[in-house]
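> coordinates only, sequence not included:
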């Protein structure tokens, strides 16, 4: 049976692009959006790079503890309710950030940010899009994941070039909280957890009616954790998130250390390239298969990390772009390979387990890079470490199986 109407002419397109905007707000405000505030906080309070980076570690270690339960929450409440709660929590966290005076207060807000990412971040967003699409899933996930990169063109320049110079960093935080409230309205108006909530079926589905979650093809959680693919993807997630989130959070201090004062330019170079990579490589994965694209992405990212270890002055922006385009593609492929490897039967639960690797790696990366900088006054050793870690992940990815199959009992 042929697909009569392209998904861009159906409500499926609303879901893909709304998911993109939700990630732009949730991931964007907590990842790149905090960047312009780093150096003002360090200057005002006299904190070290490692002091501030511990907040990042708290966010992602806490998220790692929460993530395994996200599948249960998604199945119980649906992504729409969770995203609404996440947007409200994000607005509250940003408002409170503008009132901090101690590291303890900063760390408490980063615990709240872990809850935000669990409710309205990567796992629920990919689960939402995956349930709306069978055909063109790579393209749709790629569009959704563009959101966290698109944020680099919104939140860092907004804070660095207007809000902080005009109002100071405290009021800048509180004005940006309004973006999360707009995200809440967007979820209420447009997001529906499953196609069945609108009397539709997943795009490309041949079924007459939307299947129940327990009837979807795929592995159980118990079967999944006995496969090699689970541990390979988990290892790749740990190593690449260690590299990318470490770089993302340390970027303002890294740029200042090599004499590049414009933080927003660095974010736009790296995450703007990642934006292109997410959409382009999501589309290519539908044509060539995600495994080959995943390996190519990590190779590019490893080269970008090596270039950053050597970069100075003007050369840092193209190095960040190379690094970013590799990251953008593999970020998308990691989600797509998870769905491809294990199916849709337990998508939320399995993505929650994979997210533990993401979170532990991401939480460790920022703190490790900050510690290296505080000890050596240079980020070059850190970037050589990252390049080597990504090479290890690339070699591991060559052993992935292309389609899901239950582990031997």
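Yes, it's here. Computed from a prediction, not measured in an experiment: that's the story for all the values here.
> Could you pull up the residues touching residue 13?
Taking CB atoms under 8 Å, 6 or more residues apart in numbering, we find residue 13 in contact with residue 7. For glycine as for every other residue, the C-beta is placed from the backbone atoms N, C-alpha and C.
> Where does the prediction get shaky in the protein?
Low-confidence segments of the chain, defined by pLDDT under 70: 1-4, 207-217, 344, 348, 402-409.
> quick one: buried residues of stretch 242-257?
For stretch 242-257, burial by neighbour count (16 or more other CB atoms under 10 Å) applies to 242-255.
> Which of the residues you listed sits closest to residue 303?
Of all these, residue 243 has the smallest distance to residue 303: 12.5 Å, by CB to CB.
> Go ahead and confirm residue 218 touches residue 349.
No: taking CB atoms under 8 Å as the definition, residue 218 is not a contact partner of residue 349, at 10.6 Å.
> Compare the two (neighbour count), which wins?
Using other CB atoms under 10 Å, the more surrounded residue of residue 218 and residue 349 is residue 349, with 22 against 19.
> dump the residue contacts of that one.
Residues near residue 349 by CB under 8 Å, 6+ apart: 68, 70-72, 75, 221.
> Please pick the buried ones from those residues.
Buried among these (16+ other CB under 10 Å): 68, 70-71, 75, 221.
> contact partners of stretch 180-187?
For stretch 180-187, contacts defined as CB under 8 Å, 6+ apart pick out 18, 21-22, 25-26, 29, 80, 83-84, 87-88, 90-91, 94, 120.
> So of those, which two are at opposite extremes in space?
Distances among the contacts of stretch 180-187 were taken as CB to CB; the most separated pair is 80 and 94, at 22.1 Å.
> Looking at those two, which is more packed in?
Counted by other CB under 10 Å, residue 80 and residue 94 do not tie: residue 94 has more neighbours, with 27 against 17.
> what helix or strand does that one sit in?
Per DSSP states H and E: residue 94 is located in helix 79-97.
> Repeat that for residue 355.
Per DSSP H and E: residue 355 is located in helix 347-376.
> Could you check the angle that helix makes with helix 79-97?
In terms of direction (axes from the mean of the first three to the mean of the last three CA atoms, to 10 degrees), helix 347-376 departs from helix 79-97 by 20 degrees.
> What residues of helix 347-376 count as buried?
Within helix 347-376, the residues that count as buried by 16+ other CB under 10 Å are 347-370, 372-373.
> quick revisit: so which of the contacts of residue 349 are in helices?
Among those, DSSP state H puts 70-72, 75, 221 in helices.
> ok so, going back, closest to residue 11 among the buried ones among the contacts of residue 349?
residue 75 (21.9 Å).
> how near is the spatially closest residue to residue 248 that is not a sequence neighbour to residue 331?
Spatially, and ignoring its direct neighbours in sequence, residue 248 is nearest to residue 31 (5.5 Å; CB to CB, 6 or more residues apart in numbering). Separation of residue 31 from residue 331 (CB to CB, to the nearest Å) stands at 12 Å.
> and residue 108, how many neighbours does it have?
15.
> Can you check my assumption that it lies in a helix?
Yes: per DSSP: H, G, I helix; E, B strand; the rest coil, residue 108 lies within a helix segment.
> From here on, call the first residue 92.
Sure thing, new numbering starts at 92, so read that last one as residue 199.
> thinking again about what came up before, so what touches the helix holding residue 185?
Contact with helix 170-188 is made by 113, 116-117, 120-121, 128, 164-165, 196-197, 200, 203-204, 206-212, 215-216, 218-219, 264-265, 267-269, 271-272, 274-275, 278-279, 282-284, as judged by CB under 8 Å, 6+ apart.
> Just the buried ones from these?
For the contacts of helix 170-188, buried by 16+ other CB under 10 Å: 113, 116-117, 120-121, 128, 164-165, 197, 200, 203-204, 206-212, 215-216, 218-219, 264-265, 267-268, 271, 274-275, 278, 282-284.
> In strands only, show me those residues.
Nothing among these maps onto strands, per DSSP state E.
> Is residue 202 in contact with residue 153, as I believe?
Yes: look at residue 202 against residue 153 with CB under 8 Å: they come within range, at 5.5 Å.
> The two - which one has more neighbours?
For residue 202 versus residue 153, neighbours defined as other CB under 10 Å are more numerous around residue 153 (20 against 15).
> excluding its backbone neighbours, what's nearest the more buried one?
Spatially, and ignoring its direct neighbours in sequence, residue 153 is nearest to residue 205 (3.5 Å; CB to CB, 6+ apart).
> Tell me, how many residues neighbour the one you found?
If you count neighbours by other CB under 10 Å, residue 205 ends up with 24.
> Quick check: it vs residue 146, distance?
Applying CB to CB to residue 205 and residue 146 gives a distance of 11 Å.
> go on, residue 175?
In terms of CB to CB, residue 175 sits 25 Å off from residue 146.
> Residue 377 now?
Taken as CB to CB, the span from residue 377 to residue 146 is 38 Å.
> Those two: who's more crowded?
Taking other CB under 10 Å, residue 377 and residue 146 do not tie; residue 146 has more neighbours (22 against 17).
> Contact partners for the residue nearest the centre of the chain?
Nearest to the centroid of the C-alpha atoms of the chain, with distances taken as CA atoms, centre = their mean, sits residue 213, at 5.5 Å. Contacts were defined as CB under 8 Å, 6+ apart; by that measure residue 213 touches 114, 118, 236, 426, 442, 446, 449.
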